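J.: Could you look at this predicted model? Sequence included:
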Amino acid sequence: MKNSIFWMMMIGIFLFIACRKENNDNKKTGVTIKGKISESRSLKIQESNTTESLSLADAKKVLLFAGGVKADMKFVDIIDGSFTAWPNAGTATALVFLNGNNQYIGTLSTRGLDLLPLGTLENGDTTTIDLSTLTLAGTNVIPTHDPFGHEIIITDAEINGFKELDGFFESIAKNIDADNDGVLDVLSNKQMYIISSFAIVAGTYGVDSKQAVINDSASSTINYSSWINGDLGFTTPAKSSMSGPEGSPYDTIRGGYIQSFDNEGHGFTTGFNVGTAPFKKGIYDLTLDDKKYTLSFSNIDAKYNLVFVTPTIHTNSDGKLTSISLIYQHSDHTIVNPENILTDVMIQLTDSVGHQFYNSPWLNRSGMCPEGSGTNCVDGLNSLTINTPLDISTLKHIDAVYHDILGNLYFIHWQ
């Protein structure tokens, strides 16, 4: 991929991250998850560096981690041994059990998967999942009721794919006290979230009856970068740098661009890369101005949630754009269900000099547009109608931009 194309995509990423953070904060959902703690005091396996073992009976709250551009964190109290939680539909959510001092006890685990992919649900966004009685085995919190294949409509292949991503939530759990002061960062609105972004040259887009073509080399054109987002409790730093990982540090980590999340200098996003490869898994030091933070990277590979969002443009008799249809497929043209993989899609049209002359609203899973989002959000992932036919005589390429269910960002570039 030419460097100029790559950096145009990266500039766009800064803007999309900031915009989507605001939208995600307003989302509502009717998804309900229930569970109750077993009366037996099954013990957590004691770790060598701890002085006590905790039972699931010691759990006082559940911390919900929902993957996203701003990973959503919610505390739910356990009352009389039971809890009820309301995660966002369309996300991958982990349930982490803590005692009254916010010490880690365990994470909900079903079929060896430490998260619940809330994509395609039995009753849509009003689905209730009753996990029934929960027991502890090591640090795995095991439900009596398995929701996979029942309330959560998912294939075995998709479950196995998500198992490869468990490290994402492991890293989130390690990053809940990035400033190492012994207090959960989320309590002061200073939680940090890490996402990855991927830019891919896919092939040629479709026009009317002419089908799109995916290049044989598409999967080898991926450019990687990682982004650290800080909540609104931060004053936007003036500079940032990163080093690591521990034990095998890179000579140089490039990046450090910073953008605020609001107009008053609160929150931030800052991006880094080490060339065309993903970051190595490990512990990194992030410096914001003169203050150091410790962050764990899980090394998410693009291949697990990579979907070729394939556009075909449709024109009227004047050659003007009237609509865009989208199909979702792997590089071998196997059609996939997007709702178990991604949350939203945006289409960008760019001319021969690199000017983006059209950015679509975000296309969301049906029913997921935040209240009051207006024309910035459209229900449905498969098509987009252009209300006023658009002159595309200068159209050079199309980018299909999407967030996967973990909040990672993909630019699928079509010539």
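T.: Perfect, thanks for sending it.
J.: At which residues are the strands of the stretch 1-150 of the chain located?
T.: 32-37, 61-66, 72-77, 82-85, 92-98, 104-108, 116-117, 128-137, 140-143 (DSSP state E, counting those that start in this stretch).
J.: OK, contacts around residue 224?
T.: Residue 224 makes contact with 196-198, 273, 276-279, 302, according to C-beta atoms under 8 Å, 6 or more residues apart in numbering. Just so you know, the C-beta spots here come from the backbone N, C-alpha and C atoms, and that holds for glycine as well.
J.: about what we covered before: columns distance to residue 211, mean pLDDT and mean neighbour count on top of the strands of the stretch 1-150 of the chain, output as CSV?
T.: Below are these laid out as CSV (distance: least, C-beta to C-beta, whole Å; pLDDT from 0 to 100; neighbours: other C-beta atoms under 10 Å):
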stretch, distance to residue 211, mean pLDDT, mean neighbour count
strand 32-37, 42, 96, 20
strand 61-66, 37, 86, 23
strand 72-77, 38, 85, 16
strand 82-85, 44, 96, 17
strand 92-98, 32, 88, 25
strand 104-108, 43, 87, 22
strand 116-117, 31, 90, 26
strand 128-137, 40, 96, 18
strand 140-143, 45, 94, 21
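J.: Dump these to TSV, plus distance to residue 266.
T.: Converted to TSV, the strands of the stretch 1-150 of the chain look like this (distance: least, C-beta to C-beta, whole Å):
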stretch	distance to residue 266
strand 32-37	31
strand 61-66	22
strand 72-77	18
strand 82-85	28
strand 92-98	26
strand 104-108	29
strand 116-117	31
strand 128-137	35
strand 140-143	35
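J.: do you know which of those strands lies nearest residue 246?
T.: strand 104-108 (20.7 Å; C-beta to C-beta).
J.: ok, that closest one: who's next to it in the sheet?
T.: Partners of strand 104-108 in the sheet, by DSSP bridges, are strand 92-98 (antiparallel), strand 140-143 (parallel).
J.: and the angle from it to strand 32-37?
T.: 130 degrees (axes from the mean of the first three to the mean of the last three C-alpha atoms, to 10 degrees).
J.: looking at the protein, which helix or strand is least sure?
T.: Every helix and strand in the chain was compared by mean pLDDT, DSSP states H and E; the lowest is helix 3-25, with a mean of 42.
J.: now the residue lying closest to residue 278 once chain neighbours are set aside: how far from residue 86?
T.: Once flanking residues are discounted, residue 278 sits nearest to residue 224: 4.4 Å by C-beta to C-beta, 6 or more residues apart in numbering. Distance, residue 224 to residue 86, by C-beta to C-beta, to the nearest Å: 34 Å.
J.: Next: residue 407.
T.: In terms of C-beta to C-beta, residue 407 sits 19 Å off from residue 86.
J.: Looking at the two, which one has more neighbours?
T.: Taking residue 407 and residue 86 together and counting by other C-beta atoms under 10 Å, residue 407 has the greater number of neighbours (27 against 14).
J.: Could you check how far that one is from residue 65?
T.: Distance, residue 407 to residue 65, using C-beta to C-beta: 11 Å.
J.: now swap in residue 383 and tell me
T.: Going from residue 383 to residue 65 by C-beta to C-beta gives 33 Å.
J.: can you tell me which residues contact the closest residue to residue 241 other than its chain neighbours?
T.: Distances taken as C-beta to C-beta, 6+ apart put residue 287 closest to residue 241, at 5.0 Å, once the chain neighbours are dropped. Residue 287 makes contact with 240-243, 293 under the criterion C-beta under 8 Å, 6+ apart.
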